[in-house]
Each structure stands twice: as C-alpha cells, then as structure tokens.
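Engineer: sequence first, predicted coordinates after that:
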Amino acid sequence: MGEALLGVGKPLVLVVEDEAALATMLRYNLEKQGFRVEEAGDGEEALMRISEAKPDLVLLDWMLPVMSGIEVCRQLRRRPTTRDLPVIMVTARSEDQDAVRGLNIGADDYITKPFSVDALLARMRALLRRSGAVPAKGQLRFHDITLDLAQHRTSRNGRAVHLGPTEFRLLEFLMQHPCRVFSREELLDSVWGPDIHVEPRTVDVHIRRLRRALNGPGELDVVRTVRAAGYALDTEPV
Ligand code: CA
C-alpha cells in the first residue's frame with residue numbers, strides 16, 4: 001500500500017519484456033519521462049504483477065516465455081477488474097497479422113519493434129488520456145465528488161470529505177470504474193490486494209464508512225448496493 005500511495009500522480013507502467021536489455025532501456029526512458037515502471041519477464045509474472053501493482057498501462061511483448069502476450073491479454077480482458085486496463089502490444093518485426101490479432105483480442109494499440117521511444121510515448125499518453133484513469137490534472141470526478149490524487153483529498157459539493165486510507169482507496173477504485181458493479185471479492189482483490197485474507201464482510205464495513213463520510217444531509221447516496229452482486233458508484237436510484 002505504501003508504494004502505491006507514495007507514487008500517486010505518476011502513472012505506473014508495467015513493462016512485460018523478456019529481453020533484459022530492452023526492458024532496461026524502456027525503464028530508463030520511461031522514468032525519465034515521469035512514469036513509474038514495474039517489470040515482468042514472462043506472461044505469468046505479468047499477471048501476478050498486474051494484480052499486485054495495479055498498473056495504469058501495460059506494455060506487453062508478444063513473444064514471451066511461459067505464457068504468450070496474447071494469452072495474457074486475453075486473460076486480462078476476461079477479468080472485470082482488468083477489462084479496461086490499457087494494453088499496448090509490442091510485436092517483433094512487421095508481423096501485421098499478429099498486430100491485427102492482438103487488437104482483435106482486446107489490445108488497445110500496438111507498436112512494432114524496433115520502435116522509437118517518442119512513438120511509444122505518444123501512444124502511451126494518448127491511451128492514458130483516453131482511459132481517464134490518469135487524468136491530466138490528477139483528479140477524478142464523479143457527479144459532485146472530486147478526488148485529488150496528488151493531494152490525497154476528497155471533496156463533495158466543495159466541502160472537504162474526510163476518509164480513512166481504505167475508504168480513500170475504495171472510492172478511488174470506484175471512481176475509476178463508475179457505474180460498474182463489483183462483487184465484494186473483486187473489491188477485496190483490487191483495493192486490499194489478492195494476498196490479503198479478510199472476510200468479504202469487511203467490504204460492507206468500509207462501504208458503510210464511505211457512505212457516512214460522503215453523504216451529507218439531503219445529498220444523493222451515490223454508492224449503490226446491488227443485491228446479491230455487490231456495489232457500484234452510481235447515481236441511479238437504489
Ligand atoms: Ca520477447
């Protein structure tokens with residue numbers, strides 16, 4: 001948790017690449033451009049690092065040991081918590097066929113080796129702006145709620161909302177995926193982390209605290225409880 005909070009504001013990129021020299025070059029250049037970088041050397045490690053580190057974008061090499069880039073992408077698109085995670089496939093030579101296949105299974109964009117760092121950065125920035133996960137001003141907005149990632153502050157209708165660290169991360173996650181229903185297990189996995197074993201009921205406790213802090217007198221309850229399914233940030237009536 002500490003790592004994620006300290007780095008707030010700088011987008012986190014997971015570089016999935018088995019060529020060590022290329023991974024090192026990418027890390028050097030991306031960090032210089034203000035990104036945080038995590039690395040994975042094969043497909044399985046990539047899936048693990050994605051659950052743990054929750055990157056804002058994945059640079060995914062096509063040819064990887066253990067599990068191919070395409071299989072990683074397919075699995076990411078199957079999971080509700082990573083369905084919208086921006087993915088750029090990196091293909092060797094000009095395997096246009098591969099690139100098309102990559103886009104078909106859900107990659108957002110692709111780039112062909114060898115590529116220039118500038119071309120890669122342009123694609124990454126475009127994708128991050130589009131995903132909205134990392135807005136230019138470091139703020140998330142939903143309805144009348146604003147969450148400032150850099151200052152770690154929340155406000156509603158202009159008044160400050162005081163949240164505990166877990167409620168803040170819970171709201172941040174819900175604001176990144178508005179109007180989507182998440183089960184308690186999905187919220188635990190995404191907000192608490194996959195290796196933290198707490199009861200699903202814990203989610204209810206923090207949702208209750210979040211509601212209490214967010215909802216002033218006469219204000220709409222934007223946290224929707226979906227019976228037998230979970231929770232969503234939504235302005236639809238309960
Ligand atoms: Ca490779």
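Structural biologist: Okay, I see it.

Engineer: hey, let's count contacts and neighbours off CA atoms from now on
Structural biologist: Will do.

Engineer: is the ion within reach of stretch 55-64?
Structural biologist: Yes - residues of stretch 55-64 contacting the ion under C-alpha under 5 Å from the ion: Met63, Leu64.

Engineer: what does the chain have sitting close to the ion?
Structural biologist: Counting by C-alpha under 5 Å from the ion, the residues of the chain near the ion are Met63, Leu64.

Engineer: looking at the chain, which helix or strand is least sure?
Structural biologist: Within the chain, judged by mean pLDDT, DSSP states H and E, the helix or strand with the poorest mean is helix 2-6; its value is a mean of 35.

Engineer: for this structure, what spans make up the helices?
Structural biologist: If DSSP state H is used as the criterion, the helices of the chain fall at 2-6, 20-32, 43-53, 69-78, 96-104, 117-131, 165-176, 184-187, 201-214.

Engineer: could you redo those helices as TSV and give each row mean neighbour count?
Structural biologist: Listed next are the helices of the chain as TSV, based on neighbours: other C-alpha atoms under 10 Å:
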stretch	mean neighbour count
helix 2-6	10
helix 20-32	14
helix 43-53	18
helix 69-78	19
helix 96-104	15
helix 117-131	14
helix 165-176	20
helix 184-187	19
helix 201-214	16
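
Engineer: so which of the ones you listed comes closest to Phe142?
Structural biologist: helix 165-176 (6.4 Å; C-alpha to C-alpha).

Engineer: between the closest one and helix 117-131, how many degrees?
Structural biologist: Taking axes from the mean of the first three to the mean of the last three C-alpha atoms, to 10 degrees, one finds that helix 165-176 is oriented at 100 degrees with respect to helix 117-131.

Engineer: convert helix 165-176 to CSV, retaining C-alpha atoms only.
Structural biologist: Presented in CSV, the C-alpha positions along helix 165-176 are these (Å, rounded to 0.1, in the frame of the first residue of the first chain):
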residue,chain,number,x,y,z
PRO,A,165,-7.0,5.3,3.9
THR,A,166,-9.0,2.3,3.0
GLU,A,167,-12.1,4.3,2.2
PHE,A,168,-10.0,6.6,0.1
ARG,A,169,-8.6,3.7,-2.0
LEU,A,170,-12.1,2.2,-2.2
LEU,A,171,-13.6,5.4,-3.5
GLU,A,172,-10.6,5.9,-5.9
PHE,A,173,-11.2,2.5,-7.4
LEU,A,174,-14.9,3.0,-7.7
MET,A,175,-14.4,6.4,-9.3
GLN,A,176,-12.0,4.9,-11.8
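
Engineer: tell me the contacts of Pro200?
Structural biologist: Applying C-alpha atoms under 8 Å, 6 or more residues apart in numbering to Pro200 gives the contacts Arg184, Glu185, Leu188.

Engineer: residue contacts, the last one?
Structural biologist: Translated: Leu188. Taking C-alpha under 8 Å, 6+ apart, we find Leu188 in contact with Pro194, Val198, Pro200, Val203.

Engineer: you'd agree Lys153 is up against Gln139?
Structural biologist: Rather than Lys, residue 153 is Arg. No - the criterion here is C-alpha atoms under 8 Å, and Arg153 misses it with Gln139 at 9.6 Å.

Engineer: give me the common contacts of those two.
Structural biologist: Common neighbours of Arg153 and Gln139 (C-alpha under 8 Å, 6+ apart) are Leu147.

Engineer: compare those two (neighbour count), which wins?
Structural biologist: A direct count of neighbours by other C-alpha atoms under 10 Å for Arg153 and Gln139 places Gln139 higher, at 20 against 15.

Engineer: for the most centrally placed residue in the chain, which non-adjacent residue is closest in space?
Structural biologist: Nearest residue to the geometric centre of the chain (C-alpha atoms, centre = their mean): Asp56, 4.5 Å. Closest residue in space to Asp56, ignoring its immediate chain neighbours: Leu12 at 5.3 Å, by C-alpha to C-alpha, 6 or more residues apart in numbering.
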